[in-house]
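Student: dropping the sequence and predicted coords here.
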Amino acid sequence: MVAVVATNCETPLHIPHPNGHRQRAKSVTTSIIYVTVGDQKEADLIASTIVEERLVSSVNIVDSVRSYYWWSSAVQQKEEFLLIAKTRTAAVDAAVERIRDIHSYECPCIVSWPIEKGNKDYLEWIGRETAGTGIRNRDETSA
């Protein structure tokens, strides 16, 4: 089962300009944040918090992933939930910090990597939906 928290591209791609002209949305660098958690309740809490706080534009929750890892000097195996969040690269540090604050694990898996290519409309939507944080990409330019 996959649960999706907030994904839609219905926001216009052109932003109204104060003088009435239309301008293209700013080009932003986007990233994926990958997180594992122990149960559905924690997955829902983290996903809803980081979307509501606009640290990410959306989160996919994938249940029943099997993880193998070293912990306490032994190989462990556990069923976990996987969160896949999308955000602006500039917001990754703040999102990781917020996830870490909520997460129950002593050493949680919270990693990110840049999105190199994708549906331009969707990538612009990620930028628009996370723009309210006030965190800016160094490379944001008018397109």
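Tutor: Received the coordinates, thanks.
Student: can we go C-alpha only for contacts and neighbour counts from here?
Tutor: Fine.
Student: next SSE downstream of the longest helix along the chain?
Tutor: Longest helix in the chain, counting residues (DSSP state H): helix 40-52. Tracing the chain C-terminally past helix 40-52 and defining elements by DSSP states H and E, one meets strand 58-71 next.
Student: report the distance from that following strand to the chain centre.
Tutor: On the basis of C-alpha atoms, centre = their mean, to the nearest Å, strand 58-71 sits 15 Å off its chain's mean C-alpha point.
Student: going by neighbour count, list what's buried in the helix or strand hosting residue 100.
Tutor: Taking DSSP H and E as the definition, residue 100 sits inside helix 92-102. For helix 92-102, a neighbour-count test (16 or more other C-alpha atoms under 10 Å) marks 92, 95, 96, 98, 99, 100 as buried.
Student: okay, angle between the longest helix of the chain and strand 58-71 too, please.
Tutor: Following axes from the mean of the first three to the mean of the last three C-alpha atoms, to 10 degrees, one obtains 130 degrees for the angle between helix 40-52 and strand 58-71.
Student: can you state the direction angle for helix 40-52 and helix 92-102?
Tutor: Relative orientation of helix 40-52 versus helix 92-102 (the same axes, to 10 degrees): 140 degrees.
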